[in-house]
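K.L.:
A predicted structure for the sequence below; I have some questions about it.
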Amino acid sequence: MKTIFITVSAILFWALLSVVSRILLVNYEFNPWLFSFLQLVAGGAALLGISLRRGAAWNSFNRTATWVLGALRVLSTALYTSVLAALSVLEAGILGAVNLPVIALVVWILSKRRPRAPEWVGHALILLAVVLLTQGLEEGIRNTALGLMGLNAICVAAMNLIAERHPENSTDSPVGRAWFSGVVLVITAAVFLAVRLLHGDGIAHLFDTPLVVASIAVGVLLRAPAMFLAFWSIRAAGAQGYTAAIALLPLFGMAFEQSSVWVGLLDVSRFQMTAAYLAVIALAGTLIILAARSAHVLPGSGWRQGVG
């Protein structure tokens, strides 16, 4: 029950982060890159500040795996933010459901753990929902959105598998996990900045007070807890368990986004009942996969053994 609570809380925070980010990007036309960068800095600084330790803790910045996580976070964030500029959170979430088939494929390749027959049914339903949604998108954004979310799925699969095995995410201490989450966010921000500077793009002219204030607030209140809970969920449920829970993201996102339209925070809604039905299909596929996998977990073993 604790694992379910942690995992659902993580997805709720990601949904809120997506919707709030979309509201700010649409209404205030913030620079998406700087908005994401400042979020990462603020969220990372907040987590490091509340869990500050001395000595060996600073060695976290020396681990190659942590920097790889940061680089993957940069690419994933950039890809997802780009998709949010054109699609609703519901639509982006349905496309994101492809994460589960992708991570299952990666596990199959790496550990020779082939999906069982019922799992194929679940993966087929997820892919069906993704294909049907893609066919209904406007021609101008269809291929771009599918390509970006496909790359994002690869990044998410790699991130979750690395985080599951990362030695600093194996701790049961909330303070230790907060420190680890903060380090990943700060490294992600550093990679963000390095990529920007390597392209020769200046950033000083992009700063303005509303952008800075909004970014810090979103980073501290939403991105920091989302990252903290995500790593905790990966530790408790395993990479595939957490990835499966992401199927809830489009439904939570739909509820938050439609609420934003009703109260006037968003002027235009891309909501269509067809997309809601497809989200349910993707969720059904995920539940089939979870049921098939949990049925083969050995007595006394945890979900993490059952998924990997």
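P.N.:
Sure thing, it's come through. Residues are numbered from 1 along each chain as shown.

K.L.:
ok, and what's touching stretch 265-277?
P.N.:
22-23, 26-27, 87-88, 90-91, 94, 133, 136, 250, 254, 257-258, 260-261 (CB atoms under 8 Å, 6 or more residues apart in numbering). Bear in mind the C-beta positions are built from the backbone N, C-alpha and C, glycine included.

K.L.:
show me which of those residues are buried.
P.N.:
22-23, 26, 87-88, 90-91, 94, 133, 250, 254, 257-258, 260-261 (16 or more other CB atoms under 10 Å).

K.L.:
nearest to Val102, of those residues?
P.N.:
Among the buried ones among the contacts of stretch 265-277, Ile94 lies closest to Val102 (CB to CB), at 14.5 Å.

K.L.:
where's that closest one, which helix or strand?
P.N.:
Using DSSP states H and E, Ile94 maps to helix 89-96.

K.L.:
so what secondary structure elements neighbour that helix?
P.N.:
Counting contacts by 3 or more CB pairs under 8 Å, 6 or more residues apart in numbering; DSSP states H and E, helix 89-96 is packed against helix 2-28, helix 64-84, helix 117-136, helix 139-165, helix 249-262, helix 273-294.

K.L.:
please report how far Thr66 lies from Ile187.
P.N.:
6 Å (CB to CB, to the nearest Å).

K.L.:
kindly report the same for Asn152.
P.N.:
For Asn152, the distance to Ile187 (CB to CB) stands at 19 Å.

K.L.:
thinking again about what came up before, tell me which two of the buried ones among the contacts of stretch 265-277 sit farthest apart.
P.N.:
Ile23 and Leu133, at 22.2 Å, using CB to CB across those.

K.L.:
low-scoring stretches of the stretch 1-150 of the chain, by residue?
P.N.:
53-57 (pLDDT under 70).

K.L.:
80 instead, please
P.N.:
53-59, 77-78, 81-82, 84-86, 89, 112, 140 (pLDDT under 80).

K.L.:
Ser181 is in contact with Ala224, correct?
P.N.:
Yes - counting by CB atoms under 8 Å, Ser181 is a contact partner of Ala224 at 7.3 Å.

K.L.:
the two: who's more crowded?
P.N.:
Neighbours were counted for Ala224 and for Ser181 using other CB atoms under 10 Å; Ser181 has more, 29 against 26.

K.L.:
quickly find the element holding that one.
P.N.:
helix 174-198.

K.L.:
tell me what angle that helix forms with helix 64-84.
P.N.:
70 degrees (axes from the mean of the first three to the mean of the last three CA atoms, to 10 degrees).

K.L.:
pull the residues that contact helix 174-198.
P.N.:
33, 36-37, 40-41, 43-53, 57, 60-61, 66-67, 69-71, 73-74, 77, 166, 168-169, 171, 203, 223-224, 227-228, 231-232, 235.

K.L.:
over to stretch 67-76?
P.N.:
40, 151-152, 155-156, 158-159, 162-163, 166, 184-185, 187-188, 190-192, 195.

K.L.:
what's downstream of the helix holding Ser181, the next helix or strand?
P.N.:
Next along from helix 174-198, by DSSP H and E: helix 209-218.

K.L.:
buried residues in that following helix?
P.N.:
Here helix 209-218 shows 211, 214-216, 218 as buried, counting by 16+ other CB under 10 Å.
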